[in-house]
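> Sharing a model that was predicted from the sequence below.
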Amino acid sequence: MQLLEGEKEQILDCVKEVLIESSKKSEDLIPILQKVQAKLGYLPALAMEKIAEGTGVSGADVYGLATFYNQFRLNPPGDHQVKVCLGTACYMVGGDITLESFERRMEIREGETSPDRRYSLERVACVGCCTMAPVVVVDNEVEGKVTPTRVDGIMLALEGESGKAKESRDAEKEEGEQK
Ligand code: FES
């Protein structure tokens with residue numbers, strides 16, 4: 001995933017700060033990864049590289065640990081986060097087809113973030129609303145009975161919101177440049 005403008009500096013500062021506060025021992029690797037993720041929202045490759053350098057643990061071991069625990073995310077959260085439930089009740093009524101529909105519409109695979117960072121897509125276990133299966137959580141709102149047709153509707157709504165958000169970001173940028 002390509003870093004945004006200024007993100008490299010932000011990552012380097014964050015890792016530096018977290019390492020200063022930690023013992024830099026390999027036993028502290030998990031809390032270090034947790035703190036960096038809490039600050040950045042995810043664990044970029046550059047952060048893992050710098051954590052490896054700072055703790056003396058190999059880069060492969062840091063990456064291995066980060067991928068072993070599902071509490072860690074290696075991709076940045078999108079502006080819109082879609083989580084598709086693949087718990088038993090949802091899976092039985094086509095949760096996997098719902099997930100595929102989102103993958104097609106977003107042009108990414110589950111676990112990824114779109115290159116423009118508008119969308120991120122994840123699979124989750126039961127979210128406790130089985131009577132509404134198949135269930136999807138869109139930006140923390142639970143949506144029930146999400147068939148492929150509803151996926152189209154959800155994506156159209158998100159595309160509209162993303163468009164508005166982009167327009168307002170562009171307008172702010174333009175205003176800033178004029179000052
Ligand atoms: S299995 Fe999807 S909400 Fe329970």
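Thanks, I have the structure now.
> quick one: contacts for the residue in the chain that the ligand sits nearest to?
Distances between the chain and the ligand by CB to the nearest ligand atom are smallest at G87, namely 2.5 Å. For the C-beta atoms, the positions are set from N, CA and C on the backbone; glycine is no exception. Residues in contact with G87, defined by CB atoms under 8 Å, 6 or more residues apart in numbering, are G95, V124, A125, C126, V127, C130.
> and if we set it to 6 Å?
A125, C126 (CB atoms under 6 Å, 6 or more residues apart in numbering).
> just the helices in the chain please.
7-21, 29-40, 45-55, 59-68, 88-92, 95-106, 148-178 (DSSP state H).
> how about those, which one is nearest P77?
Of all those, it is helix 29-40 that lies closest to P77, at 10.1 Å by CB to CB.
> which residues are there in the chain that come within reach of the ligand?
The chain comes close to the ligand at residues C85, G87, T88, A89, C90, C126, V127, G128, C129, C130, A133, V135, as judged by CB under 6 Å from any ligand atom.
> so who does the last one touch?
When contacts are counted by CB under 6 Å, 6+ apart, V135 touches C85, C90, V127, C129, G144.
> Could you break this protein into its assigned domains?
What automatic domain parsing lists as the domains of the chain is 7-68, 80-178.
> I'd like the distance from stretch 63-75 to the chain centre, please.
12 Å (CA atoms, centre = their mean, to the nearest Å).
> for that stretch, how far is the first residue from the last?
13 Å (CA to CA, to the nearest Å).
> And the average pLDDT for it is what?
Confidence for stretch 63-75, expressed as mean pLDDT, is 93.
> Give me the buried positions along that stretch.
If you call a residue buried by 16 or more other CB atoms under 10 Å, then stretch 63-75 has these buried ones: Y63, L65, A66, F72, R73, L74, N75.
> need these in a markdown table with distance to D13, can you?
Conversion of the buried residues of stretch 63-75 to a markdown table gives the following (distance: CB to CB, whole Å):
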| residue | distance to D13 |
| --- | --- |
| Y63 | 22 |
| L65 | 23 |
| A66 | 20 |
| F72 | 20 |
| R73 | 20 |
| L74 | 20 |
| N75 | 21 |
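> can you name the two of those that are farthest apart?
Pairwise distances across those peak at 16.8 Å for L65 and N75 (criterion: CB to CB).
> residues contacting D28?
S22.
> any idea how far P148 lies from L99?
As judged by CB to CB, to the nearest Å, P148 and L99 stand 10 Å apart.
> Among these two, which residue is more densely surrounded?
More crowded of P148 and L99, by other CB atoms under 10 Å: L99, with 26 against 14.
> I'd say the more buried one and V84 touch.
Yes: in this structure, L99 is within contact of V84 by CB atoms under 6 Å, at 4.4 Å.
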